[in-house]
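Novice: compute the structure for the input listed below.
(one chain, ligands or ions: 2)
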Amino acid sequence: MKLGFIGCGNMANAMINGIVASQVVKPDEIIASNRSMPALEKAQAAYGIHVTQNNNEAAEADIVFLCVKPKVYPEVIKQIRDQMTDDQIIVTIAPGFTLEALENAFGKPVKLVRTMPNTPAMVSEGMTAFTTNELVSRAETEQVKKLLNAFGRCEEVEEFMMDAVTSVSGSSPAYVYMMIEAMADGAVRDGMPRAQAVRFAAQAVLGSAKMVLETGRHPGELKDMVCSPAGTTIEAVAVLEEKGFRAAVLDAMAACTKKAKGK
Ligand SMILES: NC(=O)C1=CN([C@@H]2O[C@H](COP(=O)(O)OP(=O)(O)OC[C@H]3O[C@@H](n4cnc5c(N)ncnc54)[C@H](OP(=O)(O)O)[C@@H]3O)[C@@H](O)[C@H]2O)C=CC1
Ligand SMILES: O=C(O)[C@@H]1CCC=N1
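Specialist: Residues are numbered from 1 along each chain as shown. Ligands and ions are numbered 1, 2, ... in the order given. A predicted model of the protein is given here:
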């Protein structure tokens, strides 16, 4: 099985890294194309994959990942659509491009897997949602799932959920990094050296996320476990409530989903 990546930036690197490390596909079977050469030289040195500046070469693969920015999608699709055959699978990772819009852009029946990954894929802790059009068989879906699982977890969702996914896992690493940065600022204010503060904040977030995933307990219940009566935590929780922490997160996510829909 040959894989092609068109656009060799952050997300393509994250995915290639996971796929190569988990040995789902050999580096020799992967080709990446990019507009400029430095990104390709770096990827070739890091993973031992084939590289090219010609997108049409990468588009010859059995499974072709479109890893360019959303505004470049129309140009790249136009460039490769004539050569695409109905036994290849095209995987998209950009927000807002519905299966219907993609089918129209290709102008002929093609197998499509619409996904929304996230950057923690770089450390094999990605969360990817995917949905397919009706031309993709169950066996092919399983094949793609294996690839998506190589850089974290993946789940199939109905297409209407893809904009919510953009907000809850595609973009959310940015909000979490803001939280970590703010927590580190707080510790620095209390006298902790910056690097140590970042380490403590990040490990607390990692551990908390692991608790949610591994215990299966409701986040509210886990929060209650930390709040001792008349203790320190409930003081912090009260301030977060007063400052509208939850409402701010909900509003931020609504803005993100709205933007994803409008792309
Ligand atoms: N970053 C994120 O957190 C997430 C991103 N996404 C989606 O992933 C996609 C890629 O994002 P990301 O990896 O962050 O972006 P990057 O900017 O890191 O990567 C895009 C790459 O595409 C290359 N490129 C630009 N134009 C062309 C072209 N015409 N032909 C071939 N290559 C081209 C760029 O090359 P050059 O350097 O030469 O310009 C660049 O290396 C986007 O659609 C984004 O919405 C999805 C989920 C999460
Ligand atoms: O900000 C963006 O548009 C992309 C999509 C999800 C994460 N980054």
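
Novice: can you tell me, leaving aside adjacent residues, what's nearest to the residue of the chain found nearest ligand 2?
Specialist: Going by C-beta to the nearest ligand atom, ligand 2 is nearest to residue 170 of the chain, at 3.5 Å. Where C-beta positions appear, they are placed from N, C-alpha and C, glycine not excepted. Excluding its sequence neighbours, the residue lying closest to residue 170 (C-beta to C-beta, 6 or more residues apart in numbering) is residue 116, at 4.6 Å.

Novice: quick one, phi psi at that neighbour?
Specialist: The phi/psi pair for residue 116 (degrees, to the nearest 10) reads phi -140, psi 100.

Novice: look up how far residue 223 lies from it.
Specialist: Distance of residue 116 to residue 223, given as C-beta to C-beta, to the nearest Å: 27 Å.

Novice: higher neighbour count, those two?
Specialist: Set residue 116 next to residue 223 and count neighbours by other C-beta atoms under 10 Å: residue 116 wins out with 26 against 13.

Novice: distance of that one relative to ligand 1?
Specialist: Per C-beta to the nearest ligand atom, to the nearest Å, residue 116 is found 6 Å from ligand 1.

Novice: for ligand 1, what are the nearby residues on the stretch 1-150 of the chain?
Specialist: Residues of the stretch 1-150 of the chain lying close to ligand 1 (C-beta under 6 Å from any ligand atom) are 6-11, 33-36, 39, 55, 67-70, 72, 75-76, 93-95, 116-119.

Novice: let's see 5 Å
Specialist: The stretch 1-150 of the chain has residues 7, 9-11, 34-36, 39, 68-70, 72, 93-94, 119 near ligand 1, with proximity defined as C-beta under 5 Å from any ligand atom.

Novice: now swap in the stretch 151-263 of the chain and tell me
Specialist: Residues of the stretch 151-263 of the chain found near ligand 1 (C-beta under 5 Å from any ligand atom) are residue 170.

Novice: got any ranges where the stretch 151-263 of the chain has weak pLDDT?
Specialist: Along the stretch 151-263 of the chain, segments meeting pLDDT under 70 span 263.

Novice: residue ranges of the strands in it, please?
Specialist: Using DSSP state E, counting those that start in this stretch, the strands found in the stretch 151-263 of the chain span residues 152-156.

Novice: about what we covered before: number of residues surrounding the residue of the chain closest to ligand 2?
Specialist: By the measure other C-beta under 10 Å, the count of residues near residue 170 is 25.

Novice: go ahead and confirm it touches residue 120.
Specialist: No - between residue 170 and residue 120 there is no contact under C-beta atoms under 8 Å: 10.7 Å.

Novice: so what sits against both of those two?
Specialist: Common neighbours of residue 170 and residue 120, counting by C-beta atoms under 8 Å, 6 or more residues apart in numbering, are absent.

Novice: for the residue in the stretch 1-150 of the chain that ligand 1 sits nearest to, which residues are in contact?
Specialist: Nearest to ligand 1, among the residues of the stretch 1-150 of the chain, is residue 9, at 1.8 Å (C-beta to the nearest ligand atom). By C-beta under 8 Å, 6+ apart, the residues touching residue 9 are 34, 39, 67, 68.
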